[in-house]
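**Q** Fold the following and give me the result.
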Amino acid sequence: EPNEAIYDGAKRETYEETGCTVELKKAFPVFLKNTNDSKIVMMHFLSDLVNEENSYDKDEILETKWISIDEIKNMDEKEFRSSAVVKQIINDIEKQNLYDLDIVKAKNRLMKIFSGSTKFCEVSPLSYDVLIVDEAHRLKAKGTYMYKGDSQVEDVIKASRVNVFFIDDEQRIRPNDEGSMDYVESVAKKNHSEVIKVELKAQFRCSGADGFVNWVEHTLQIRDTANFDGWDKESFEFKIMDSPQDLEKYIQRKRINGYTARIVAGFAWPWTAAKDGNPDAEIADVKIAEYGYARPWNSRHDQYTWAIDESKSHQIGCIHTSQGLEFDYVGVILGRDIYYDPDTHTVNGDYENYYDKTGKSGLRNKPDELTQYIKNIYRVLMTRGIKGCTIFCCDKNLQAYMKNRSNLIESKKLQLSTHQDHRAS
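**A** Numbering: from 1, shown residues only. Below is the predicted model of the structure:
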């Protein structure tokens with residue numbers, strides 16, 4: 001997970017995928033795997049079993065069981081995800097080619113220089129001089145999976161003398177995202193902490209085209225930015241495609257020309273579980289029947305390489321895979337979880353067509369709150385591009401509304417140009 005220490009991640013993944021709580025004891029040699037344009041670093045650990053319970057996600061994991069080294073040696077190579085790695089691990093165990101954890105990790109405080117946000121509920125007050133929290137709007141409240149505390153915002157404030165929170169309220173996408181500006185300030189004051197607000201006015205996403213970000217926020221009716229002057233189209237490209245196939249062709253051309261480019265979508269389609277035959281993007285869940293378009297969500301099996309693995313370029317990324325990432329060009333499919341009502345002239349979220357169970361929890365009778373989270377998701381997705389963004393809307397009214405809003409920008413720029421030319425003459 002972002003900002004999570006590798007050792008914490010190893011224990012978390014073990015628990016999530018097997019139901020086993022473990023204590024890491026030794027480290028294996030590091031594996032490096034080369035792909036076309038990157039290197040993948042793999043770390044493996046020898047551990048002691050602390051506790052075993054049948055609590056893994058059965059939608060994700062088909063089966064767990066203990067297998068002896070002798071059994072592994074007699075298994076067919078096709079039964080392994082990576083037989084060469086497994087063979088090397090067994091060889092290292094037998095030859096005791098293992099390292100003390102002290103060699104590969106710093107102890108105590110140094111272990112958490114880069115850490116996830118779940119662990120600070122367990123530390124003593126003022127254990128740190130400074131804690132810097134990126135993506136602080138995604139800090140969680142009580143009840144979040146694997147989190148034992150009551151408030152991650154309060155954990156951070158209590159654990160350090162100085163806390164720096166990077167917050168964008170328009171990137172909160174679930175009800176349990178508690179890291180808003182107002183909440184952080186209220187918790188800080190409750191703990192007698194001085195609050196200093198600094199507004200970061202410049203940004204480098206979307207080639208620094210603040211006009212495009214403002215246009216997205218205004219058009220999605222997140223807030224009234226009164227942005228009608230547009231942005232520099234030469235530095236940041238924006239297109240609305242008439243079909244998902246056209247959007248895909250545009251993104252694939254960018255990839256062929258050497259740019260990083262991916263397609264993402266809102267959570268407007270179900271995601272078939274691994275136990276139902278979909279551990280590695282086998283099932284095309286993202287379906288737009290009227291266009292004959294069907295693609296799989298990104299692989300559950302190896303979601304962390306989706307953004308860089310060219311063999312996964314046909315897979316559709318979701319908000320949880322892509323938030324925090326950037327590409328040269330991004331293609332966004334706006335599903336039927338968001339629509340435009342021409343009678344009320346409003347952009348709205350649709351509870352029935354929104355499939356993030358955690359994201360919609362408790363919001364069936366709170367349409368305004370649900371709509372805000374869905375709008376925030378599409379704001380995030382549409383601003384993942386550095387050089388350009390292209391979109392396609394499943395809702396025809398929303399597609400027409402988006403085109404009209406985009407044409408208004410072009411019309412305004414043309415009028416401004418004509419006026420300036422007239423004045424110059």
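**Q** Now residue 318. Nearest residue, chain neighbours left out?
**A** Of all residues not flanking residue 318 in the chain, residue 267 sits nearest, at 5.8 Å (C-beta to C-beta, 6 or more residues apart in numbering). The way it works is simple: take the backbone N, C-alpha and C, and place the C-beta from them, glycine included.
**Q** Secondary structure element for residue 388, which one?
**A** Using DSSP states H and E, residue 388 sits in strand 385-393.
**Q** So what touches that strand?
**A** 204-207, 212, 235-244, 246-247, 250-251, 254, 259, 326-334, 382-383, 399, 402 (C-beta atoms under 8 Å, 6 or more residues apart in numbering).
**Q** Thought residue 359 was touching the residue nearest to residue 318, still the case?
**A** Yes: counting by C-beta atoms under 8 Å, residue 359 is a contact partner of residue 267 at 6.7 Å.
**Q** quick revisit: pull out the buried members of the contacts of strand 385-393.
**A** Buried members of the contacts of strand 385-393, scored by 16 or more other C-beta atoms under 10 Å, are 206-207, 212, 236-238, 240-241, 244, 246-247, 250-251, 254, 259, 327-334, 382-383, 399, 402.
**Q** Of these, which belong to strands?
**A** 237-238, 240, 327-334 (DSSP state E).
**Q** Tell me which residues touch residue 136, please.
**A** 153, 165-167, 179, 184.
**Q** Now rank those by neighbours and give me the top one.
**A** Neighbour tally across the contacts of residue 136 (other C-beta atoms under 10 Å): the maximum, 27 neighbours, falls on residue 179.
**Q** Roughly how far does it sit from residue 259?
**A** 32 Å (C-beta to C-beta, to the nearest Å).
**Q** May I have the secondary structure class of residue 192?
**A** When classified by DSSP: H, G, I helix; E, B strand; the rest coil, residue 192 comes out as coil.
**Q** how many other residues sit next to it?
**A** As a burial measure, residue 192 scores 6 neighbours (other C-beta under 10 Å).
**Q** What of residue 301?
**A** 14.
**Q** Which element, helix or strand, includes it?
**A** Here residue 301 is assigned to no helix or strand, by DSSP H and E.
**Q** correct me, but it touches residue 280?
**A** Yes: at 4.0 Å, residue 301 counts as touching residue 280 under the criterion of C-beta under 8 Å.
**Q** so after the helix or strand bottoming out on mean pLDDT in the chain, what's the next helix or strand?
**A** Least confident helix or strand of the chain, by mean pLDDT, DSSP states H and E, is strand 31-34 with a mean of 64. Next in sequence after strand 31-34, counting helices and strands by DSSP H and E, comes strand 39-42.
**Q** Give the full set of residues in contact with residue 165.
**A** Counting by C-beta under 8 Å, 6+ apart, the residues that residue 165 touches are 133, 136, 153, 156, 179, 184.
**Q** please redo it, this time with the cut-off set to 7 Å
**A** Taking C-beta atoms under 7 Å, 6 or more residues apart in numbering as the criterion, residue 165 is in contact with 133, 136, 179, 184.
**Q** pLDDT below threshold where in this protein?
**A** For the chain, the stretches flagged by pLDDT under 70 are 1-3, 32-39, 56, 102-114, 202-208, 226-229, 409-425.
**Q** Show me where it has its helices.
**A** Assigned helices in the chain, in chain order: 6-18, 69-73, 83-94, 101-104, 152-159, 181-190, 210-219, 244-256, 319-322, 357-360, 367-382, 396-424 (criterion: DSSP state H).
**Q** Minimum distance to residue 46: which of those has it?
**A** helix 83-94 (7.2 Å; C-beta to C-beta).
**Q** Show me what that closest one packs onto, helices and strands only.
**A** Counting contacts by 3 or more C-beta pairs under 7 Å, 6 or more residues apart in numbering; DSSP states H and E, helix 83-94 packs against helix 69-73.
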